[in-house]
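1. Pasting a predicted model and its sequence here:
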Amino acid sequence: MNPAAAARPAGTGLSALPGLPGFRRVLIVTAVEPERAAVLTGLGLAPDDQPRVGAVGPDSVLVVAGGVGPADAAAATARVLTRAECEGSPFDAVLSAGIGGAFPGRADIGGLILGSLSAAGDLGAEDGDGFIDLERLGFGRSRHAVDPLLLRLLRQALPSAAVGPVVTVSTATGSAARTDALRRRVHDATAEGMEGFGVAVAASAAGTPFGELRAVSNEVGPRDRSAWRIPQALGALRDAFAVLATAS
Ligand SMILES: O=C(O)c1cccc(C(=O)CC[C@H]2O[C@@H](n3cnc4c(=O)[nH]cnc43)[C@H](O)[C@@H]2O)c1
């Protein structure tokens with residue numbers, strides 16, 4: 001049993017995340033159930049202790065699996081945030097959490113990456129071999145900021161984590177050419193995932209501070225499914241939340 005679980009009777013829920021003081025009510029959005037289970041296990045909670053997406057309980061920390069990709073992630077996050085607001089208990093922070101790819105040289109498999117910025121990697125228009133993002137097209141934004149206090153607290157609690165922009169894509173990268181293209185589009189690109197930008201859009205619309213944490217399952221580059229280390233990344237995700245549940 002991890003220390004967070006030992007400190008609390010089973011089934012009572014969390015009153016706060018000690019690693020994020022000042023953020024009383026925190027929503028954590030994963031893509032899939034195994035990620036949600038890893039986060040909850042780290043927090044010392046059983047998956048059935050919490051409502052799934054669509055319900056908002058009284059706990060200060062709620063973990064939902066919103067689906068894979070930015071659209072599902074945005075819809076799930078917006079639904080939970082809106083419901084909580086209507087019930088008079090809005091969230092103070094939203095974290096996008098899950099496994100992800102690391103751009104070469106930025107983090108090891110099984111390591112952690114904290115987002116310093118959320119960038120939509122493929123939201124825009126192609127122009128021959130070039131790419132025009134939404135800002136240059138003049139009708140939207142392809143970047144969302146990470147809350148600076150949230151990032152500072154996450155860095156304090158998880159000092160070994162790499163920090164940098166997380167690129168959200170709808171199609172996971174599977175070639176060297178696309179890896180290079182994303183690195184040209186997003187300066188210092190550190191991690192790739194498929195949900196962060198969707199969560200960030202919903203958080204921004206609600207005026208709720210946003211952060212992102214990715215545990216590295218693979219390197220971004222030519223597709224090599226045999227090199228993915230999903231159990232290792234889920235273990236790192238679990239351990240990160242165990243730290244956040246106990247850090248003071
Ligand atoms: O087998 C494949 O080629 C494949 C392609 C895309 C996604 C997957 C998945 O199994 C999981 C997608 C899931 O995991 C996150 N994730 C993890 N690594 C990456 C990555 O390098 N690029 C984008 N997303 C990644 C993502 O957030 C999804 O939730 C398999």
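-> Okay, I see it. Numbers count the residues shown, from 1 in each chain.
2. does Arg155 count as helix, strand or coil?
-> Using DSSP: H, G, I helix; E, B strand; the rest coil, the structure places Arg155 in helix.
3. can you check Ser96 too?
-> The three-state assignment at Ser96 reads strand, by three-state DSSP.
4. Buried ones in the helix or strand containing Phe241, by neighbour count?
-> Applying DSSP states H and E as the criterion places Phe241 in helix 230-246. For helix 230-246, burial by neighbour count (16 or more other Cβ atoms under 10 Å) applies to 232-246. Where C-beta positions appear, they are placed from N, C-alpha and C, glycine not excepted.
5. quick one: the host helix or strand of Ala215 to helix 230-246, angle?
-> For Ala215, the host element (DSSP H and E) is strand 210-219. Between the axes of strand 210-219 and helix 230-246, defined by axes from the mean of the first three to the mean of the last three Cα atoms, to 10 degrees, the angle is 150 degrees.
6. Averaged pLDDT, stretch 84-95. What do you get?
-> The average pLDDT within stretch 84-95 is 93.
7. what distance separates that stretch from the centre of its chain?
-> Computed by Cα atoms, centre = their mean, to the nearest Å, the chain-centroid distance of stretch 84-95 equals 17 Å.
8. So which residues make contact with that stretch?
-> 20, 22-29, 56, 58, 62, 77, 80-81, 147, 150, 199, 202-203, 206, 208-213 (Cβ atoms under 8 Å, 6 or more residues apart in numbering).
9. hmm, that stretch touching the ligand?
-> No: against the ligand, stretch 84-95 shows no contacts by Cβ under 6 Å from any ligand atom, the least distance being 13.8 Å.
10. so how far does that stretch reach from one end to the other?
-> Using Cα to Cα, to the nearest Å, one end of stretch 84-95 lies 15 Å from the other.
11. Pull out the buried positions in that stretch.
-> Those would be 84, 90-95, for stretch 84-95 by 16+ other Cβ under 10 Å.
12. residues in contact with the residue most central in space within the chain?
-> Compute the mean C-alpha point of the chain, and by Cα atoms, centre = their mean the closest residue is Ser96, 2.3 Å away. Ser96 sits next to 29, 73, 115, 118, 193, 195-196, 199-200, 210-213 when contact means Cβ under 8 Å, 6+ apart.
13. Which ones among these also lie next to the ligand?
-> 193, 195.
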